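**Q** no FASTA, just this:
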């Protein structure tokens, strides 16, 4: 039996060895099917997609017709019809952005949840548009791709990879409920690995650890609502019962946008590759008019202000607080803003529809970065060593911000109760208190001190999966265990049973001996 | 309280940020103190040491006077007196080699244990010779090293690093009881991570998992004997209570000689860097006489046979079995052997005191490698894609061999009951059954397909630690938790208590209500 098990143990890997046979080191001109996620998710995946294309691979990017960020580039695009129009999508996104800014803190949990479920609906619909487009799916299958590169924030990629029996590389920042790490069999001890959105750091008091464990329990119910929908779609399409976690577990490689100058250290599996800072590009020179503007306040430098790709407007009253604060600082301010501008807007503020964010942050006169704490901006700030004033809006941004505040390189503000005084205080702190800049520069140096650039690493592992038709040798055997087996609960139960039986037998034996002794001494007494 | 905790969470890292200030990217000409382990351990560490020296660092290697492998090289050596002579050491090693070969399987557990404890005695003595050499320790401290590079198989390195308050890089294959991984806070679920010497693979039956868990429990007692001695030495020298595991927990970086074509995938911590195959060097051309010899059997090729640096002799009867087997194969054999040679030794066998093992394995006519399964030879075999006949002798060799057998690239034999027939059968199998060679070539291709060469990775991380005075950003907060906290047992206990209390209160309330109902209905009946 043992030998049989050992045999099956090696079977998966042996099959892999068999598969990997012919095409080792022969992926020049491989074929990559990219199933991206629209919006900010695309921004960093695009960097990898373009690099893979530059390396000579045939890269086909599936683009929903109603897309607002994915455009043509140095790759082949293949659009597909969606059951919603671009106008509808934009309306939904605008409504979301508006809601985010209008949420009162007390109402946010339920509202957030509803918003989240609406988004899930949209995601499932979008995937259905692709999956049930039979002519497209047929033509894609016939194209003979080597690998699927996708962001599992949407379920389409994982399902297509499974349907086409192709190895899959996931590119992501992380999924809610940490389902990505769980699917990869990553141990996540709740004693020092803070759950997403918990507000905890990696050092927790008893009550914080209690909260963390409670979130683990709660998530196991709540996240079923979300990922249950994905699992249902996958089961329906693939015509076999599966959960989304099981589906994700087939990943060959996870490219995680993590770095330990930002994230807390925790266990990782061998097929998880950290590529945090993949968007850390060298700053390009500014245009002449921008260069002139940022130099306008001399040594005081300037401040960069964006709230991400989704939020370019603010309610008028809120915007006024910002303008008021900016009026009182000696720095000039570049703000990505398309909302209402007050008549007496301060002269030191330049409003733009779009900012060359990284180039501005790379400028030696950049003194502070006001950001919502999305990972793209965050890593650009880290790369360029610019202290931040952070205003988290939704999703992982609260976690991102807290990690930077804990490291002493940022100040955090709440969008709901922000005032010009608070903003002014935070800005003056990060600009005038030298410790913010110093710590940021050191963090930046550590971040950029790496044996391989994240982009090269991402390219390497995608090509590795193409060369070897997967990365089966990195797949832990934990995937084949159920929850009870994984935690050795059956073994512990059995051990406990043996122990209890042993103690019972011992007690009974003692009792029996004791009685016999008593009886014989009683007999003697009677005699 | 939460804020205070968050503050302390970041404190360690902030202190690190403070320390790492001045010397970022300025380690050309850094100072490295190397405290190596003699014997085969030195062979691969030497590769890193020489490379660091070539990079322009001042590398000082501490060499015990009674050393038998560590010689002068492209580095500075600093010898220190030991309480035993070289002759005594050689006698002990010879006795060990002899005992290993004479052990009957039934006697081996106790004998192995005694041998292990003798070795522990020797290791502690060796470290005492260094630590209590006050003039040497004083002069070393004054030299102002940037980092300690050491193999924690001996406790000297970790203790010196702590005494000098220097960051430490560990270079190793793994320690008994997996204390290295435990010290690094690596989760090791016994359900799929086989314990050392267990004979288990990563896929286990219930009884194998039971054995694995039982070993975990047993090890926690047995290994205290060994590492208790190290902890006692460390506590005595550092004048504070500590265990060896706690001491090892201060590692900045762990350079582990692991690779997943050999090891089973399992969780790793961010400060563990895998450098398996660091000794995989390009084969150099053979000397004229060797080249002539290996070409002598034409397309049949040749077999390389060594049993490691410790065993160059065999009992006469055992050796005869080998000679008899070799007589019956068409291949020529190169054997590192210094024992008694029978008069009628076959002509196709060339006996040598020392073999250019890697160069021979890299030769296109190498057909098989008979090896004891030490990691050096194993990785040379893997690198060069040569199928193996493996004869494990002691230590981790049994595990190493099993991992190769499971992958279908080797056959295993037992030194205690080896016969010429068995050897012949195994040799013919790995040479004539093409599947061994094919699988080995694929495994080799996967092994060598890596983004950075293991040696470059080892150099990078050693220099990283020098540049940033450690790698505090990779240190998990788990180090500050006790066993109960780490496993959230206090939280689970509290949750359980709350649940029990809740159920009790509910039951009591129900009981109370029920009684009142009964009473009133009884009253009514009576009325």
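**A** Great, that's in hand. Remember, predicted model here, so these are calculated numbers, not experimental data. Numbers count the residues shown, from 1 in each chain, chains lettered A, B, ... in the order given.

**Q** Show me which residues of the stretch 251-400 of chain A are close to chain B?
**A** Within the stretch 251-400 of chain A, the positions lying close to chain B (C-beta under 8 Å from any C-beta of the partner chain) are A:260, A:261, A:264, A:265, A:266, A:267, A:268, A:269, A:270, A:271, A:274. Where C-beta positions appear, they are placed from N, C-alpha and C, glycine not excepted.

**Q** change it to 6 Å
**A** With C-beta under 6 Å from any C-beta of the partner chain as the criterion, the stretch 251-400 of chain A comes near chain B at residues A:260, A:261, A:265, A:267, A:269, A:270.

**Q** so the fifth one makes contact with residue A:186?
**A** Yes - in terms of C-beta atoms under 6 Å, residue A:269 counts as a neighbour of residue A:186; the distance is 5.3 Å.

**Q** Packing partners of the helix or strand encompassing residue A:59?
**A** When secondary structure is defined using DSSP states H and E, the element that contains residue A:59 is strand A:58-64. Using 3 or more C-beta pairs under 6 Å, 6 or more residues apart in numbering or on different chains; DSSP states H and E as the contact test, the elements touching strand A:58-64 are strand A:31-35, helix A:40-54, strand A:76-80.

**Q** between those, which gets nearest to chain B?
**A** Using C-beta to the nearest C-beta as the measure, helix A:40-54 is the one of these that comes nearest chain B, at 14.2 Å.

**Q** so what does the closest one touch, helix or strand wise?
**A** strand A:58-64, helix A:454-468.

**Q** now that helix, how far from the chain's geometric center?
**A** In terms of C-alpha atoms, centre = their mean, to the nearest Å, the centre of helix A:40-54 is set 16 Å apart from its chain centre.

**Q** For the stretch 51-200 of chain A, which residues are neighbours of chain B?
**A** Contacts of the stretch 51-200 of chain A with chain B, taken as C-beta under 6 Å from any C-beta, map to A:187, A:190, A:191, A:192.

**Q** Now, of those residues, which are buried?
**A** Of all those considered here, the ones buried according to neighbour count by 16 or more other C-beta atoms under 10 Å in any protein chain shown are A:187, A:190, A:191, A:192.

**Q** is it possible to export those residues to a markdown table including distance to residue B:38, secondary structure and pLDDT?
**A** Putting those into a markdown table (distance: C-beta to C-beta, whole Å; DSSP: H, G, I helix; E, B strand; the rest coil; pLDDT from 0 to 100) gives the following:
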| residue | distance to residue B:38 | secondary structure | pLDDT |
| --- | --- | --- | --- |
| A:187 | 36 | coil | 97 |
| A:190 | 44 | coil | 97 |
| A:191 | 40 | coil | 97 |
| A:192 | 38 | coil | 97 |
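
**Q** of those residues, closest to residue A:206?
**A** Of all these, residue A:191 has the smallest distance to residue A:206: 10.4 Å, by C-beta to C-beta.

**Q** Correct me if wrong: that closest one contacts residue B:489.
**A** No - because the distance of 9.4 Å does not satisfy C-beta under 6 Å, residue A:191 is recorded as not touching residue B:489.

**Q** and the nearest residue to residue A:388 once chain neighbours are set aside, backbone torsions?
**A** In space, not counting the residues next to it along the chain, residue A:388 is nearest to residue A:410; the distance is 4.0 Å by C-beta to C-beta, 6 or more residues apart in numbering or on different chains. The phi and psi values for residue A:410, taken as degrees, to the nearest 10, are phi -150, psi 160.

**Q** do the same with residue A:153
**A** In terms of degrees, to the nearest 10, the main-chain angles of residue A:153 are phi -60, psi -30.

**Q** Grab the nearest non-local neighbour of it.
**A** Closest residue to residue A:153 in three dimensions, ignoring its sequence neighbours and counting by C-beta to C-beta, 6+ apart: residue A:37, at 4.7 Å.

**Q** who's in contact with residue A:77?
**A** A:61, A:63 (C-beta atoms under 6 Å, 6 or more residues apart in numbering or on different chains).

**Q** hmm, back to that, and the residue nearest to residue A:388, how far from chain B?
**A** Taking C-beta to the nearest C-beta, to the nearest Å as the measure, residue A:410 and chain B are separated by 12 Å.

**Q** Tally up the residues packed near that residue, please.
**A** 29 (other C-beta atoms under 10 Å in any protein chain shown).

**Q** Check what pLDDT it gets.
**A** Confidence per residue is given as pLDDT, and for residue A:410 that number is 97.

**Q** ok, now residue A:11?
**A** 47.

**Q** And residue A:311, by the same measure?
**A** The score at residue A:311 is 84. That number is its pLDDT.

**Q** Look up how far residue A:86 lies from the closest residue to it other than its chain neighbours.
**A** Beyond its immediate neighbours in the sequence, the residue positioned closest to residue A:311 (C-beta to C-beta, 6+ apart) is residue A:97, lying 5.1 Å away. To residue A:86, residue A:97 is 16 Å away according to C-beta to C-beta, to the nearest Å.

**Q** Around the residue in the stretch 201-350 of chain A that chain B sits nearest to, count how many other residues there are.
**A** Using C-beta to the nearest C-beta, residue A:203 is the residue of the stretch 201-350 of chain A that sits closest to chain B, at 3.3 Å. By other C-beta under 10 Å, the residues close to residue A:203 number 23.

**Q** for residue A:280, same thing?
**A** When counting by other C-beta under 10 Å, one arrives at 21 neighbours for residue A:280.

**Q** And for residue A:355?
**A** By other C-beta under 10 Å, neighbour count at residue A:355 equals 19.

**Q** so residue A:151 makes contact with residue A:170?
**A** No - using C-beta under 6 Å, residue A:151 is not in contact with residue A:170, being 7.1 Å away.

**Q** These two: who's more crowded?
**A** Here residue A:151 and residue A:170 are set side by side on neighbour count (other C-beta under 10 Å), and the busier one is residue A:170, at 26 against 23.
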